[in-house]
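S.K.: Sequence first, predicted model second:
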Amino acid sequence: MDILDRKAAPLNENEWTRIDEAVVTTARRMLVGRKVIEVLGPLGSGVYSIPYSVFSGKSATGIDMVGEEDSFVVEPTSRATINLPMLYKDFKIMWRDVEADRHLGLPLDVSTAAVASNYVAVQEDNLIFNGNKGLGHDGLFSTKGRQVVKIGNWDETGTALGDVVKAVGALSEAGHYGPYAMVVSPILFGRMVRMYGNTGMLELDQVKAIISGGVYYSNVITGSKAVIVATGGHNLNLAVGQDMVTSYMGPTNMNHVFRVLETTALLVRRPDAICTIE
């Protein structure tokens, strides 16, 4: 933790605790990708890249009386390496605010830390779902080899459920039998919050009956799009080098600058475990 230079900051232990709680609580409230993708790590703040195996297609499994067939072997289609970029946002706490809070006996105002954490959390989800062309990272909506179901008119009752059934069918056909999790744009989520026929149930509830891993929405998904994934670390991982943490950057004009940061990347081991609806 020496690289974070936290001891150089003019804060006591209780004040640091308040900052850490604000950052972690805000991130947990905001992050959506981590609700559907298993985290691998933390691997260490100095990890620049990570190698991983990629698998494609499905193959038969042996069943006989002696087990001497040697053709039923799982092996990677390829090996890939991905860099773990740094996601970060700086924030400033004024020296007079620190002194005023201490003088009045008030807890340190950590709202700026919470706002910075919010920005980093949104950036993480954006990387997971949309990728980053500049870094050469694909997201769930741009991964090559993913499955795609053409979206219908979700303004019509039952279309959302029908599209989900098609997507789950495509995943099942590829050998991914669930559990499944689903993340949609806010627009599509709103269209599922309505009564389904005369069942007395929301269409969203009907979808959740199929998607046992949870149905969520994310504001980083724009337009009318959704993604369903077969969950599990054998399909997808969020590789985390340094998990979200706060470092001290130093004084600027007597005020105190901090940084909320993390290093992370999406690992897609089985691209056909992803099905987008778009």
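M.R.: Sure thing, it's come through.

S.K.: Which parts of the stretch 151-278 of the chain are helices?
M.R.: 159-173, 186-192, 203-210 (DSSP state H, counting those that start in this stretch).

S.K.: now do the stretch 1-150 of the chain
M.R.: 13-30, 33-36, 95-104, 111-130.

S.K.: Let me know the angle separating the longest one from helix 13-30.
M.R.: Same thing as helix 111-130. 30 degrees (axes from the mean of the first three to the mean of the last three Cα atoms, to 10 degrees).

S.K.: which secondary structure elements does helix 111-130 contact?
M.R.: Where contact means 3 or more Cβ pairs under 8 Å, 6 or more residues apart in numbering; DSSP states H and E, helix 111-130 is packed against helix 13-30, helix 33-36, strand 86-93, strand 255-268. For every residue, glycine as well, the C-beta is placed using N, CA and C.

S.K.: and what of the second one?
M.R.: Contacts defined by 3+ Cβ pairs under 8 Å, 6+ apart place helix 33-36 against helix 111-130, strand 180-184.

S.K.: Nearest to residue 72 among the helices of the stretch 1-150 of the chain would be which one?
M.R.: Evaluated over the helices of the stretch 1-150 of the chain, closeness to residue 72 peaks at helix 33-36, with 30.3 Å, by Cβ to Cβ.

S.K.: Counting neighbours, which bits of that closest one end up buried?
M.R.: With burial defined by 16 or more other Cβ atoms under 10 Å, the residues of helix 33-36 counted as buried are 33, 34, 36.

S.K.: Among these, which one sits closest to residue 93?
M.R.: Of all the buried residues of helix 33-36, residue 34 has the smallest distance to residue 93: 27.5 Å, by Cβ to Cβ.

S.K.: For the closest one, which non-adjacent residue is closest in space?
M.R.: residue 238 (6.3 Å; Cβ to Cβ, 6 or more residues apart in numbering).

S.K.: thinking again about what came up before, any chance of the helices and strands packed on helix 33-36 in a markdown table, with mean pLDDT, distance to residue 44 and mean neighbour count too?
M.R.: Listed next are the helices and strands packed on helix 33-36 as a markdown table, based on pLDDT from 0 to 100; distance: least, Cβ to Cβ, whole Å; neighbours: other Cβ atoms under 10 Å:
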| stretch | mean pLDDT | distance to residue 44 | mean neighbour count |
| --- | --- | --- | --- |
| helix 111-130 | 98 | 18 | 20 |
| strand 180-184 | 98 | 28 | 24 |
